[in-house]
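Q: coords below, sequence missing:
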């Protein structure tokens, strides 16, 4: 993994090398904190030990019985789905991997209608084992299996914490069950069974994913000039301090589109608290040049653009053409076109005096993906240290969970009563009245 | 379409009813501008005449010959794809609709490998007829058809402007060809052939989509208190003036996920200029409560959250369960759970003193979708008038287009030379060297 922060130097907002050298003194301290947290396996910091702690053999054993599988459905939400979805989208492969990571009646019905359920593995993931969305979806899937005469216990694997409904279910029915590691917030759990089960079912080299994480872990020193993860975290922090309140994450590879979603959760839930936090904006290159670039180049000076690309990719040649003015495309490849657009967009931001950072991985394979995921996690943890916030909590999401539960009759919650008090000022079109 | 702006009153940032009444004087003037622009079919404003101008019969005639179709591939990028993709995702249906809206070698190869090309319609869309990404993809698709012994001319329909390569191609080979209406920027073209061809191929009621647009057009008066579109545009503008630099667009329906992308292009390219413009952030409910809500509730006070939902949807019951503490879910439906989460999230933003706006449509069908699309366009145009910017241009994206063309040997462009001058400061992990 390479990080090029050259285009954050001297832009507006921007940093100077002198700024970064001063900041590096704080990176040393932050690194001490992180190292201590890792050594004591403290809450959150424990996530950075996953490359060594996760047992790929246990995952392989748990999924071995599902060799005859045509589809995998991961039932989970937020951190229980995004890591696995990122890996599935990046590496592709078969059996096809699906995600029920929302509550949407139309979506679940369509998915259950089209899947060969007797050849489908259900991977139910919830750290608490009680997440309403996940358990609701799981109950519906379980019923669909039963209605087709399939024993759901033969098709289900569970990844969960040490207690809760999913753990009880696994114990009661002797389901294959893997652990959500303790001390690891969901959004940092990709390098555990939470993220790796579908990849293992697809026969991907999950050891190489973990090895990629170790590569970056080993290289975490106390200097941003030596570690690409820290360089990225420190520069993002420094730019946010100087006005880059938003961070547009733009992978130039469709296989990394879900990675941008994973990134957005990590960044938003870790750093968005105490009235501060850099807002992640997920995007996709080159497509979003035709959608968002106008704003990034000419809108408010409140953004960092993070551009990500693999240095190698499979390629497709553009056929020769006699169409007027298009002969320059013939003989080039789509990959060359995409790289030219990447370089051009980066330069166009520089020409407009706007900061960007370039992240390059070797290619979209297991090891590079492990590096990228771990690298961004370490960057986020460093940012949290520098910003002096509690990186590993997410207190602000509890309110609406209690309110929703109260609204559904799941107990007395004062939050539910406040829903009824909503101020309204409605404007309607007459046709819909 | 209903807009409830109640939760933007008195929040931080927020507006008061007195603010809105003052602002309404400016809405009257802006509406005059818009009306004049529509009457004279001026550049951009012409888009708001599409519900009356677009001829659905011409679209039906052009697609009639493709009755035996199993798949539709729209080749376009930005505004040439997002509108059609929004409709396709919202309404679903068959034949399946695909989009080559990026240059990505892995993506195009996988798509061409899996499609039954002899039963596939290619819809090539480019206003200029020369867009490098679109023409490159089209040349590759055309070659793939030819290699399989299929006459590409029998499988291709073109939507383009009055000149350019695609128009020449259509003229030379007598292809069915539809017009990108003149005076309509790509991002405002959804209610023309650009957005409607795939829907027509799927047998959707494109007349009803246009009628939905007309419903809103008819209701555009000079007051934000009478038109939901103007209410939304005016409140978004007023909140941006008071610090809501970002606008998170959160549909609570997976079928509207692409709508958020379409919205993001419309908002970013129209309003992101002259150093101002509200940054759209695309999201998805309820999933992103487990990803972004922490930031929206507890991060910087720089956001408006736009929550969108259909009032009716097909539903799925959650089975009864004896799992501890989950009995409250049994007998409820997924739709009720989703609605409870919507209400809870909205109330949780209010409780945290953060603004949100609620947009409700009747259901995700043709007419409601037409209303929603036209309503957001009208809101965006009003915002542009209030902000006094050139809503219908996108000058900042040209730089990188010229640079990319230069890099690929398509001519002499000074921008391409600047790419080589990029400042670099690279930090690598040792393992990747």
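A: Nice, I can see it. Keep in mind that this is a model prediction, so the values were computed, not measured.
Q: The spatially most central residue of chain A: what's it in contact with?
A: In chain A, the C-alpha nearest the mean C-alpha coordinate belongs to residue A:262, at 1.3 Å (Cα atoms, centre = their mean). Shown in contact with residue A:262 (Cβ atoms under 8 Å, 6 or more residues apart in numbering or on different chains): A:82, A:83, A:85, A:86, A:190, A:373. To be clear about C-beta, it is placed using only N, CA and C from the backbone, and glycine gets the same treatment.
Q: Pull the most distant pair out of the residues you listed.
A: A:85 and A:373 (12.3 Å; Cβ to Cβ).
Q: More neighbours: those two, which one.
A: residue A:373 (28 against 22; other Cβ atoms under 10 Å in any protein chain shown).
Q: is stretch A:369-378 anywhere near chain B?
A: Yes - Stretch A:369-378 reaches chain B (Cβ under 8 Å from any Cβ of the partner chain) through A:371, A:375.
Q: Now tell me what touches that stretch from outside.
A: A:1, A:34, A:47-48, A:51, A:83, A:86-87, A:90-91, A:188, A:190-191, A:208-217, A:220, A:227-230, A:232-233, A:259, A:262-263, A:266, A:308, A:359, A:361, B:429, B:431-432.
Q: All the strands of chain A, residue numbers only.
A: Applying DSSP state E to chain A gives strands spanning A:2-4, A:71-75, A:96-100, A:120-126, A:156-160, A:177-179, A:246-251, A:279-282, A:303-310, A:356-361, A:426-428.
Q: Let me have these in a markdown table, adding distance to chain B and mean neighbour count as columns.
A: A markdown table is the format used below for the strands of chain A (distance: least, Cβ to the nearest Cβ, whole Å; neighbours: other Cβ atoms under 10 Å in any protein chain shown):
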| stretch | distance to chain B | mean neighbour count |
| --- | --- | --- |
| strand A:2-4 | 5 | 22 |
| strand A:71-75 | 13 | 26 |
| strand A:96-100 | 10 | 22 |
| strand A:120-126 | 11 | 27 |
| strand A:156-160 | 13 | 26 |
| strand A:177-179 | 15 | 21 |
| strand A:246-251 | 6 | 24 |
| strand A:279-282 | 5 | 27 |
| strand A:303-310 | 7 | 25 |
| strand A:356-361 | 8 | 23 |
| strand A:426-428 | 4 | 17 |
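Q: tell me the pLDDT at the nearest residue to residue A:217 once chain neighbours are set aside?
A: Distances taken as Cβ to Cβ, 6 or more residues apart in numbering or on different chains put residue A:51 closest to residue A:217, at 5.7 Å, once the chain neighbours are dropped. Residue A:51 is assigned 98 on the pLDDT scale.
Q: tally of neighbours for residue A:51?
A: There are 21 residues near residue A:51, going by other Cβ under 10 Å.
Q: got it, and residue A:29?
A: Residue A:29: 12 surrounding residues under other Cβ under 10 Å.
Q: gap between it and chain B?
A: Between residue A:29 and chain B the computed distance is 19 Å (Cβ to the nearest Cβ, to the nearest Å).
Q: go on, residue A:207?
A: Applying Cβ to the nearest Cβ to residue A:207 and chain B gives a distance of 15 Å.
Q: Equivalent analysis for residue A:354, please.
A: The spacing between residue A:354 and chain B, counted by Cβ to the nearest Cβ, is 10 Å.
Q: In this structure that residue contacts residue A:300, no?
A: No - counting by Cβ atoms under 8 Å, residue A:354 does not reach residue A:300; the two are 10.4 Å apart.
Q: neighbour-wise, which of the two wins?
A: Using other Cβ under 10 Å, the more surrounded residue of residue A:354 and residue A:300 is residue A:354, with 23 against 20.
Q: excluding its backbone neighbours, what's nearest the more buried one?
A: In space, residue A:354 comes closest to residue A:11 once its chain neighbours are excluded; the distance is 5.8 Å by Cβ to Cβ, 6+ apart.
Q: Tabulate the contacts of residue A:262 (a markdown table), appending pLDDT.
A: Shown next, in a markdown table, are those (pLDDT from 0 to 100):
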| residue | pLDDT |
| --- | --- |
| A:82 | 98 |
| A:83 | 98 |
| A:85 | 98 |
| A:86 | 98 |
| A:190 | 98 |
| A:373 | 98 |
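Q: now chain A, which segments are flagged as low pLDDT?
A: Scanning chain A for pLDDT under 70 picks out the ranges A:431-433.
Q: ok, the residue lying closest to residue A:30 once chain neighbours are set aside - how many residues close by?
A: Leaving aside its sequence neighbours, residue A:30 sits nearest to residue A:385 (Cβ to Cβ, 6+ apart; 3.7 Å). If you count neighbours by other Cβ under 10 Å, residue A:385 ends up with 21.
Q: Hmm, residue A:385 is touching residue A:34, no?
A: Yes - using Cβ under 8 Å, residue A:385 is in contact with residue A:34, at 6.6 Å.
Q: before we move on, the earlier item: please tell me how far the residue nearest to residue A:217 sits from residue A:38.
A: As judged by Cβ to Cβ, to the nearest Å, residue A:51 and residue A:38 stand 11 Å apart.
Q: Mutual contacts of those two, please.
A: In contact with both residue A:51 and residue A:38: no residue, using Cβ under 8 Å, 6+ apart.
Q: hmm, stretch A:413-423 touching chain B?
A: Yes - interface with chain B: stretch A:413-423 contributes A:415, A:416, A:418, A:419, A:421, A:422, A:423 (Cβ under 8 Å from any Cβ).
Q: From the chain's centroid, how far away is stretch A:44-54?
A: Remark: stretch A:44-54 is offset 17 Å from the chain centroid, using Cα atoms, centre = their mean, to the nearest Å.
Q: try stretch A:206-215
A: On Cα atoms, centre = their mean, the centre of stretch A:206-215 falls 17 Å from the chain's centre.
Q: got the contact list for it?
A: Here stretch A:206-215 makes contact (Cβ under 8 Å, 6+ apart) with A:50-52, A:54, A:56, A:59-60, A:87, A:191, A:196, A:199-200, A:365-374, B:429, B:431-432.
Q: Now do the contacts for residue A:28.
A: Contacts for residue A:28 (Cβ under 8 Å, 6+ apart) come out as A:222, A:223.
Q: How much space separates it from residue A:40?
A: From residue A:28 across to residue A:40, the span is 19 Å (Cβ to Cβ).
Q: Tabulate the strands of chain A in CSV, adding columns for distance to residue B:154.
A: Formatted as CSV, the strands of chain A follow (distance: least, Cβ to Cβ, whole Å):
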stretch, distance to residue B:154
strand A:2-4, 48
strand A:71-75, 35
strand A:96-100, 31
strand A:120-126, 38
strand A:156-160, 48
strand A:177-179, 52
strand A:246-251, 37
strand A:279-282, 39
strand A:303-310, 37
strand A:356-361, 42
strand A:426-428, 47
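Q: which stretch among those comes nearest residue B:275?
A: Once the strands of chain A are compared by Cβ to Cβ, strand A:303-310 is nearest, at 12.0 Å.
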